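In: Turn this into a structure:
(one chain, ligands or ions: 1)
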Amino acid sequence: MPMKPSEMPHTSEWLDIHNPATNEVVGRVPKATQEEMLAAVDSCSRAYSSWSETSILSRQQIFLRYQQLIKDNIKELAKIITLEQGKTLADAEGDIFRGLQVVEHACSITSLMLGETLPSITKDMDTYTYRLPIGVCAGIAPFNFPAMIPLWMFPIGMVCGNTYLMKPSERVPGCTMLLAKLLQDSGAPDGTLNIIHGQHAAVNFICDHPAIKAISFVGSNQAGEYIYERGSKNGNFVLYCVSQGAKNHGVVMPDANKENTINQLVGAAFGAAGQRCMALSTAIFVGESRDWLPELVERSRSLRVNAGDQPGADVGPLISPAAKARVESLIQSGVEEGAQLLLDGRKVQVKGYENGNFVGPTIIGNVSPNMTCYKEEIFGPVLIILEADSLDEAISLINSNPYGNGTAIFTTNGATARKYTHEVDVGQIGVNVPIPVPLPMFSFTGSRGSFRGDTNFYGKQGIQFYTQIKTVTSQWKAEDATLKSPAVTMPT
Ligand code: NAD
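Out: Numbering: from 1, shown residues only. Alright, predicted model coming up:
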């Protein structure tokens, strides 16, 4: 749709958007100017007074229409994701679907925002709480889930009555733009959602603006630490919910169902070219399960590496040439530090897409915890293999890692699974489930180095993040119970 002259960006600075399968420029994103960012936050502030007073049923209706419009446009959204981000079309639909589930859950806001009541605290006195919105909120998203992660942010913030300033990743802005248009088409009033584009200047603006009351961030540790520090210094009422990088371990017990385990490991390590914060990038084979490695390698070799819009593609390209070079150098570091390259995807050729950022499935065996490829988040289609003699050894290895985003155990023994879930210090645990991302009625609960903040994304904790509580204590006495004198002591 052509833009009106008043809607045209005023910036002279633009960033190119590339198709990761070809590295061709497929669009440009304007870096918002200071004036545009100020106008965006002003627009959110102005819209807040009426939006926060709009009846909860009206807000619910808007999000009910929104979930339907997302479903109606899922193919169009997926095409944009594949073009800008590279993942396969089927996986792009999964990305949207998992965000859509958060929107669907947001439609239960009439139950989610209920307060609490306790009558007769003392004679004639009752106490009750309201959950109220907090003001203008902001979200800063990464490139790897162009639909799901923005949908973790603004729908929950807005359905609670807040207005929202969203900054998508500058590498994949198109999906957020269409999601915003669909929200407008669902009836969200002007000013309730504003999008700003850019990199550091836009992030600094969000951290520093006094009108912004809450910031949600998902992305790398480096940016996360920076945003956490800068945001907390700059406002008394700023809340944080920061989810950061991960190193997720899958523990393979010798009693596991071999066929399921191998298929689940391959899917969870190489799906989305390993660019998922919950990718199972590290497998610990316990005892004799190490004999399954040759089959794991063969199954991984059979995956088809191709552009995400090509039929049958299993593994798409990485986001950029720099990401490809980084992943390849981490593979090389494993070789140089004494690991064993069981499958090398570095030389993969994709016919017709010779300039794309492809790395094929790669498996590095014999890895030890002091190696660089273990210590760094690789964020590519690389599975590293460690071995352990016992479950206790595997648990202690995982608990020594600074990150605690997700983990999985593969076993047919209930007692083993129970011991694991109780003793492993990780926020999201799968038992025979390789990527245990909780559905939106729960919350995303990564722990330790993978998380900073007071609450978590979506679910009940998401509602807590985007609301404040007002507690009312009221006394209605009958006229004949009028106080005879002032009460100067604390009631006992
Ligand atoms: P990123 O940190 O580079 O970018 C995220 C956002 O921060 C972007 O909007 C970007 O513009 C901004 N940004 C980047 N560098 C910045 C800096 N130095 N200062 C201020 N702002 C900055 O992350 P990415 O590369 O887009 O995404 C991949 C990373 O995100 C991986 O590390 C992955 O593990 C992580 N991630 C984590 C989760 C989780 O829940 N734990 C989920 C998805 C992605």
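
In: give me the number of residues near residue 146?
Out: 31 (other CB atoms under 10 Å). The way it works is simple: take the backbone N, C-alpha and C, and place the C-beta from them, glycine included.

In: per-residue confidence at it?
Out: At residue 146, the model reports a pLDDT of 98.

In: How about the one 4 residues further on?
Out: According to the model's per-residue confidence, residue 150 sits at a pLDDT of 98.

In: Likewise for residue 244?
Out: pLDDT, residue 244: 70.

In: What distance do you get for it to residue 144?
Out: 13 Å (CB to CB, to the nearest Å).

In: Could you give the number of residues near residue 107?
Out: That count, for residue 107 with other CB under 10 Å as the rule, works out to 19.

In: In this structure it contacts residue 60, no?
Out: Yes - counting by CB atoms under 8 Å, residue 107 does reach residue 60; the two are 5.9 Å apart.

In: Check the contact lists of those two and give me the overlap.
Out: residue 159 (CB atoms under 8 Å, 6 or more residues apart in numbering).

In: Alongside the ligand, which residues does this protein contribute?
Out: Counting by CB under 6 Å from any ligand atom, the chain comes close to the ligand at 140-145, 167, 169-170, 199-200, 203, 218-220, 222-223, 226, 243-246, 277, 377, 379, 405, 446, 450.

In: Name only those of those that count as buried.
Out: 140-145, 167, 169-170, 203, 218-219, 223, 226, 243-246, 277, 377, 379, 405, 446, 450 (16 or more other CB atoms under 10 Å).

In: which SSE is the nearest residue to residue 182 once chain neighbours are set aside in?
Out: With sequence-adjacent residues excluded and distances taken as CB to CB, 6 or more residues apart in numbering, residue 182 is closest to residue 69, at 4.4 Å. If you go by DSSP states H and E, residue 69 is part of helix 56-72.

In: Check which helices and strands that helix sits against.
Out: Where contact means 3 or more CB pairs under 8 Å, 6 or more residues apart in numbering; DSSP states H and E, helix 56-72 is packed against helix 89-106, helix 109-112, helix 148-159, helix 173-185.

In: Neighbouring strands - and their directions - for the helix or strand following the third one?
Out: So that's helix 148-159. Next along the chain after helix 148-159, taking DSSP H and E as the criterion, comes strand 163-167. If you go by DSSP bridges, strand 163-167 pairs up with strand 136-140 (parallel), strand 193-195 (parallel).

In: most packed of the ones you listed?
Out: Greatest average neighbour count among the strands paired with strand 163-167 goes to strand 136-140 (a mean of 27), per mean count of other CB atoms under 10 Å.

In: got the CA positions of it in CSV?
Out: Only the C-alpha atoms of strand 136-140 are listed here, as CSV (Å, rounded to 0.1, in the frame of the first residue of the first chain):
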residue,chain,number,x,y,z
VAL,A,136,3.6,3.2,27.9
CYS,A,137,5.6,0.0,27.5
ALA,A,138,8.3,-0.9,25.0
GLY,A,139,9.6,-4.1,23.5
ILE,A,140,13.0,-4.8,21.8
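
In: List of residues touching it?
Out: 41, 44-45, 48, 150, 153-154, 157, 162-167, 203, 206, 211-219, 223, 227, 466.

In: Quick check: the gap between residue 146 and residue 169.
Out: Per CB to CB, residue 146 is found 7 Å from residue 169.

In: And residue 143, by the same measure?
Out: 4 Å.

In: Please apply the same query to residue 451.
Out: In terms of CB to CB, residue 451 sits 20 Å off from residue 169.

In: One more: residue 197?
Out: Counting by CB to CB - residue 197 and residue 169 are separated by 10 Å.

In: swap in residue 205?
Out: From residue 205 to residue 169 the distance is 16 Å (CB to CB).

In: can you pull the pLDDT of the residue nearest to residue 182?
Out: Confidence score, pLDDT, at residue 69: 98.

In: so the helix or strand bottoming out on mean pLDDT in the chain versus helix 148-159, what angle?
Out: The weakest-scoring helix or strand in the chain, judged by mean pLDDT, DSSP states H and E, is strand 239-243 (a mean of 70). Orientation check (axes from the mean of the first three to the mean of the last three CA atoms, to 10 degrees): strand 239-243 against helix 148-159 gives 160 degrees.

In: dump the residue contacts of residue 282.
Out: Applying CB under 8 Å, 6+ apart, the residues near residue 282 are 247-250, 367, 374, 383-386.

In: what is it paired to in the beta sheet?
Out: Here residue 282 sits in beta bridges with residue 249, residue 384, going by DSSP bridges.

In: Let me know the distance separating it from residue 364.
Out: In terms of CB to CB, residue 282 sits 10 Å off from residue 364.

In: List the residues that are in contact with both of those two.
Out: 383-385.

In: who wins for most neighbours among these?
Out: residue 383 (28 neighbours).

In: Excluding sequence neighbours, find me the nearest residue to that residue.
Out: Leaving out its chain neighbours, the residue that sits closest to residue 383 by CB to CB, 6+ apart is residue 269, at 4.0 Å.
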